[in-house]
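Peer 1: sequence plus predicted model, see below.
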Amino acid sequence: MISVALVDDHIMVRSGFAQLLNVESDIEVKGEYSSAKDAFSALSRAEVDVAVIDISMPDESGLSLLERLKKDNPDFRAIILSIYDSASFVSKAIEAGACGYLSKRCGPGELVTAIRTVAGGDRYLCADALFNLSNAPAEPKALDELTKREREVFNHLIKGMDVKEVGVALSISHKTIHVHRANILSKLNLSNNVDLIRFALQHKLLDE
């Protein structure tokens with residue numbers, strides 16, 4: 001059973017989502033929160049598989065809330081919900097630690113699909129967000145500058161894995177992965193993992 005928390009200040013939105021999700025045999029809404037303050041207090045203690053968080057909250061940005069939750073629990077998984085789907089908003093969400101991004105224009109079925117995908121350990125970006133993110137410019141020839149090991153690390157990072165997870169997957173210390181990651185970013189003229197994912201999408205290096 002996938003446990004879900006809903007964080008949105010609009011009661012009609014929360015209630016609608018809750019009714020939609022609770023009819024699914026494998027999903028259960030464990031909590032509904034109308035403010036970032038209430039959500040942080042509850043979700044810092046409770047364990048849920050996926051949180052659906054509105055990016056625009058009255059007391060605090062949903063992204064800021066997510067960053068605080070991720071700081072206390074790096075494994076916390078969330079889908080950001082927004083009326084915006086530009087590359088900058090999607091990038092900021094990924095940088096904050098979001099595992100998924102949905103436009104408020106999405107249909108009910110896509111919300112269910114996104115929750116199942118994120119609960120299963122993968123990322124989910126709605127089509128518009130994916131399109132906008134993948135259109136960012138990049139320099140493909142720079143990939144040729146990566147060593148074989150750096151390419152292996154690169155391939156894991158663009159899947160959303162963190163440094164420790166890559167270290168485990170490649171049987172290398174996370175300190176060494178940090179060094180490889182720094183070299184990769186330098187060679188590709190990128191700044192962070194968000195840029196890496198954007199680069200990968202632009203050049204179709206991920207299974208979209």
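Peer 2: Arrived safely.
Peer 1: check contacts around S56.
Peer 2: Going by Cβ atoms under 8 Å, 6 or more residues apart in numbering, S56 touches 62, 82-83. For glycine as for every other residue, the C-beta is placed from the backbone atoms N, C-alpha and C.
Peer 1: tell me the confidence at the closest residue to L157 other than its chain neighbours?
Peer 2: Residue nearest to L157 in three dimensions, not counting chain neighbours: L196, with 5.4 Å by Cβ to Cβ, 6 or more residues apart in numbering. Looking at L196, its pLDDT stands at 88.
Peer 1: what's downstream of the helix or strand A51 falls within, the next helix or strand?
Peer 2: Here A51 sits within strand 50-54, counting by DSSP states H and E. Going down the chain from strand 50-54, the next helix or strand is helix 62-72, by DSSP H and E.
Peer 1: contact partners of that next one?
Peer 2: Outside helix 62-72, the residues within contact range by Cβ under 8 Å, 6+ apart are 7, 36, 39-40, 43-44, 51, 53-57, 76, 78, 80-82, 92-93, 96-98.
Peer 1: from those, which ones fall inside strands?
Peer 2: 7, 51, 53-54, 78, 80-82 (DSSP state E).
Peer 1: ok, the closest residue to H174 other than its chain neighbours - contacts?
Peer 2: Counting by Cβ to Cβ, 6+ apart, the nearest residue to H174 once its immediate chain neighbours are dropped is G167, at 4.2 Å. Contacts for G167 (Cβ under 8 Å, 6+ apart) come out as 173-174, 176-177.
Peer 1: same thing but at 7 Å, please
Peer 2: Counting by Cβ atoms under 7 Å, 6 or more residues apart in numbering, G167 touches 173-174, 177.
Peer 1: cool, and S3?
Peer 2: By Cβ under 7 Å, 6+ apart, the neighbours of S3 are 28, 30, 48-49.
Peer 1: what residues go with each domain of this structure?
Peer 2: The chain breaks down into these domains under automatic domain parsing: 2-134, 140-202.
Peer 1: centre of the chain to stretch 58-77, how far?
Peer 2: Averaging C-alpha positions (Cα atoms, centre = their mean, to the nearest Å) puts stretch 58-77 12 Å from its chain's average.
Peer 1: so which bits of that stretch are buried?
Peer 2: For stretch 58-77, burial by neighbour count (16 or more other Cβ atoms under 10 Å) applies to 61-63, 65-66, 68-70, 76-77.
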